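Student: Sequence first, predicted model second:
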Amino acid sequence: MIGGHNLPLVTIGVFILWFGWYGFNAGSTLGMSEPEVVARVAMNTTLAAAVGALAAMVTAWIKFGKPDLALSLNGALGGLVGITAPCAVVSDGTAIYIGLVAGVLVIFGVDWLNRWRIDDPVGAFPVHGICGIWGTLAVGIFGQQALGAPSNGLFYGGGLGPLGIQALGLVACLAFTAVAMIIIFRAIDSLIGLRVSEDTELKGLDIEEHGMESYSGFQIFTTE
């Protein structure tokens with residue numbers, strides 16, 4: 001596994017993403033005609049991300065014996081992803097819980113991929129896939145009609161109906177994506193190949209594609 005190049009820059013990148021998420025979530029209200037909704041969305045976004053980072057840090061500390069900065073940052077991103085779907089229809093307390101679960105899911109998701117030797121060096125699937133699934137289902141579990149949800153979620157007396165609707169939409173999205181990506185990836189693999197050589201992986205695509213290093217002093221490895 002090729003390690004991260006610069007964790008301070010990774011940290012800055014995550015905080016830039018976090019800042020941009022306010023435009024992504026709060027900006028999706030498409031106006032300030034209901035400032036209390038915008039404020040609630042921004043607050044829920046903040047709480048879920050912060051708790052996600054803390055939950056990931058503590059979980060990694062317990063599971064691996066020491067806190068891990070990269071996993072903690074992914075926990076923040078997992079919290080952001082998890083709260084995106086329900087951000088406008090849940091309370092601040094629920095946002096904390098959603099972020100907490102997302103942070104824990106990130107750690108176990110990364111560990112699961114490593115155990116199966118699946119190549120996901122930045123933990124994209126645990127963050128965007130697993131936490132995205134969690135956030136989508138959270139609408140049907142915690143959504144409150146008083147806050148703008150179409151109906152109350154499971155935990156607020158809405159029964160299994162809202163959760164079932166979210167699950168159906170989730171399955172439809174997963175099925176479409178799976179079929180479309182199988183077709184596209186097989187076509188790419190047949191035409192030009194999906195992966196570069198192992199030697200190119202170790203050298204870095206910057207050398208192979210552009211003839212220069214992206215990181216000053218980055219050592220070039222070969223398999224020879």
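Tutor: Looks like it came in fine. Numbers count the residues shown, from 1 in each chain.
Student: mind listing what's buried in the strand or helix carrying A49?
Tutor: In the assignment (DSSP states H and E), A49 maps to helix 35-64. In terms of neighbour count (16 or more other CB atoms under 10 Å), helix 35-64 has its buried residues at 37-38, 40-42, 44-60. The way it works is simple: take the backbone N, C-alpha and C, and place the C-beta from them, glycine included.
Student: so after it, what's the next helix or strand?
Tutor: Later in the chain than helix 35-64, the nearest helix or strand by DSSP H and E is helix 69-84.
Student: which strands and helices sit next to that next one?
Tutor: Counting contacts by 3 or more CB pairs under 8 Å, 6 or more residues apart in numbering; DSSP states H and E, helix 69-84 packs against helix 7-25, helix 35-64, helix 92-115, helix 131-142.
Student: Quick one: closest of those to I165.
Tutor: For those, proximity to I165 was assessed by CB to CB; helix 131-142 is nearest, at 6.4 Å.
Student: Report the angle between that closest one and helix 69-84.
Tutor: Using axes from the mean of the first three to the mean of the last three CA atoms, to 10 degrees, the direction of helix 131-142 lies 40 degrees away from that of helix 69-84.
Student: Need the per-residue pLDDT for L202.
Tutor: The model reports L202 with a pLDDT of 79.
Student: Equivalent analysis for D119, please.
Tutor: 85.
Student: Next: the one 5 residues further on.
Tutor: The predicted local distance difference test score for A124 is 95.
Student: ditto for P35
Tutor: 89.
Student: and what of S216?
Tutor: On the pLDDT scale, S216 is placed at 67.
Student: can you list the weak-confidence ranges in the protein?
Tutor: Residues of the chain meeting the criterion pLDDT under 70: 1-5, 216-224.
Student: before we move on, the earlier item: by contact count, what packs against the helix holding A49?
Tutor: Using 3+ CB pairs under 8 Å, 6+ apart, helix 35-64 is in contact with helix 7-25, helix 69-84, helix 92-115.
Student: Now do that helix: distance to the chain's middle.
Tutor: Put simply, helix 35-64 sits 12 Å off its chain's centre (CA atoms, centre = their mean, to the nearest Å).
Student: how long is stretch 187-205 end to end?
Tutor: Length of stretch 187-205, first residue to last, CA to CA, to the nearest Å: 22 Å.
Student: For that stretch, list every residue counted as buried.
Tutor: Buried residues in stretch 187-205, counted by 16+ other CB under 10 Å: 203-204.
Student: do the same with stretch 142-155
Tutor: Buried, per 16+ other CB under 10 Å, within stretch 142-155: 142-144, 147, 149, 152-154.
Student: of all those, which comes closest to F15?
Tutor: For the buried residues of stretch 142-155, the nearest to F15 is F142 (26.8 Å; CB to CB).
Student: what sits against that closest one?
Tutor: Going by CB atoms under 8 Å, 6 or more residues apart in numbering, F142 touches 86, 89-90, 94, 97-98, 153, 155-156.
Student: rerun at 7 Å
Tutor: Taking CB atoms under 7 Å, 6 or more residues apart in numbering as the contact definition, F142 lies against 86, 90, 94, 153, 155.
Student: just the residues you listed now: which is nearest N114?
Tutor: P86 (29.1 Å).
Student: picking up where we left off before, and the angle from the helix holding A49 to helix 92-115?
Tutor: Relative orientation of helix 35-64 and helix 92-115, computed by the same axes, to 10 degrees: 40 degrees.
Student: Can you tell me how far A55 is from L137?
Tutor: 18 Å (CB to CB, to the nearest Å).
Student: And S190, by the same measure?
Tutor: 36 Å.
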